Each structure stands twice: as C-alpha cells, then as structure tokens.
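J.: starting from these lines, generate the structure:
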Amino acid sequence: MADKEKDKVKKEPEAEAAEAGAPEAEETEKAEPTAQELLNAEKDKYVRLYAEYENYRRRSQKEREALYAQVKSDTVTGFLPVYDNLERALKLGCSDEAFLKGIEMTMKSLEGIFEKMGVKKIDAVGKPFDANLHNAVMHVEDEDAGENQIVEEFQKGFTLGDKVIRFSMVKVAN
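T.: Model prediction:
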C-alpha cells in the first residue's frame, strides 16, 4: 500500500505539472505576438503619428496666414488717419501750386500702396445704405434722395479682401 501511495504521489506532481504546463504554454503563445502583429502595431503607430503631424502642419499654416492677414489689416488701419489728413488737405486747396502738387503726389503714392496691398475704397455717396459697409451717423429728410440712400460721406471706408477694415461714416436720407 505504501508503494501505491508513492506512485500516486509521483503521478500527482507529474499530472499537476502536465496540467499546469499546458495553460502556461497557451498563455505564453498568446502573450507573445507574432512578427506580423508587431509590424502591424508599429505601422499603426507610424500612421497615427504621421496624421497628427499633418494636422499640426495644416493648423500652423492656417494660424500663420490668419496672423499675416491681421498684421496687414492693423498696418493699413494705422495709415488711414494719414489718408484722411491728405484728403482734407486736398479739399481745402492751397494758393501754393507746388505744395498742392506735393500733397497730390503723396496721396497718389499712398493710394498706390493700398492698391498693391489689396485695400479697396467703399463706394458710398448715391448708393443704398448697407449696414455691413456703412456706419450711419446722421439722418436727413430729403425728397430728392431715395429711401435709405447715402447723401454724404464724412469718412471713407475701406476693405481688405472680404473684410471691412473701416466702415464708411455716412449721412442717410429718409
């Protein structure tokens, strides 16, 4: 009987080892991915990283373009008071022809620079009032003028591309 118990004890550890070894073998096979799975995982990481980089690059490009447009708009806005003063000087006139000629040349030069930068004047007098382009500061009753027609412009308005950088200050009839 002692021999049977010894055999049983011998068989049990062997059986236990065999039974225990079988799941360990399956776990190690499942735990270790194949070379193809590793390659696919690395490829997926690369594709995601590349997509993130492309999104970052596009976003940075848009931000640079927006910043350039904003700086350009701010620069032109800074020169608009100079334009206004030159326009007032031309309206006043002058007895000195050389001085008047100098003011006209300066105004043409400034207008040429604005044109190169894409700045356009907003037409106002005689046009219907448009709140997207004009700022009505006065209202007058006038039978000769049409409904919501601009009869006088106090300050010239400008656009840069599709953006209004300064609204025209106008007097509107009726």
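
J.: from here on, contacts and neighbour counts on C-alpha atoms
T.: OK.

J.: wait, Cys94 sits on Lys101?
T.: No. Here Cys94 lies out of contact with Lys101, judged by Cα atoms under 8 Å, at a distance of 9.7 Å.

J.: what's the longest helix out of those in the chain packed up against?
T.: Looking across the chain with DSSP state H, the single longest helix is helix 35-92. In terms of contacts (3 or more Cα pairs under 8 Å, 6 or more residues apart in numbering; DSSP states H and E), helix 35-92 is packed against helix 97-117, strand 163-166.

J.: pull out the buried positions in the longest one.
T.: Buried residues in helix 97-117, counted by 16 or more other Cα atoms under 10 Å: Leu100, Ile103, Glu104, Met107, Leu110, Glu111, Phe114.

J.: what's that helix in contact with?
T.: Under the contact criterion Cα atoms under 8 Å, 6 or more residues apart in numbering, helix 97-117 has outside partners Val76, Tyr83, Leu86, Glu87, Ala89, Leu90, Gly93, Cys94, Lys120.

J.: who does the helix or strand just after it pair up with?
T.: Toward the C-terminus, helix 97-117 is succeeded by strand 119-122 as the next helix or strand (DSSP states H and E). Applying DSSP bridges, strand 119-122 is found paired with strand 157-160 (antiparallel).

J.: what residues does the partner strand touch?
T.: Here strand 157-160 makes contact (Cα under 8 Å, 6+ apart) with 73, 118-123, 133-134, 164-169.

J.: just give me the closest of those to Arg57.
T.: Ser73 (24.4 Å; Cα to Cα).

J.: ok, the closest one - contacts?
T.: Counted by Cα under 8 Å, 6+ apart, Ser73 has contacts Leu160, Ile165.
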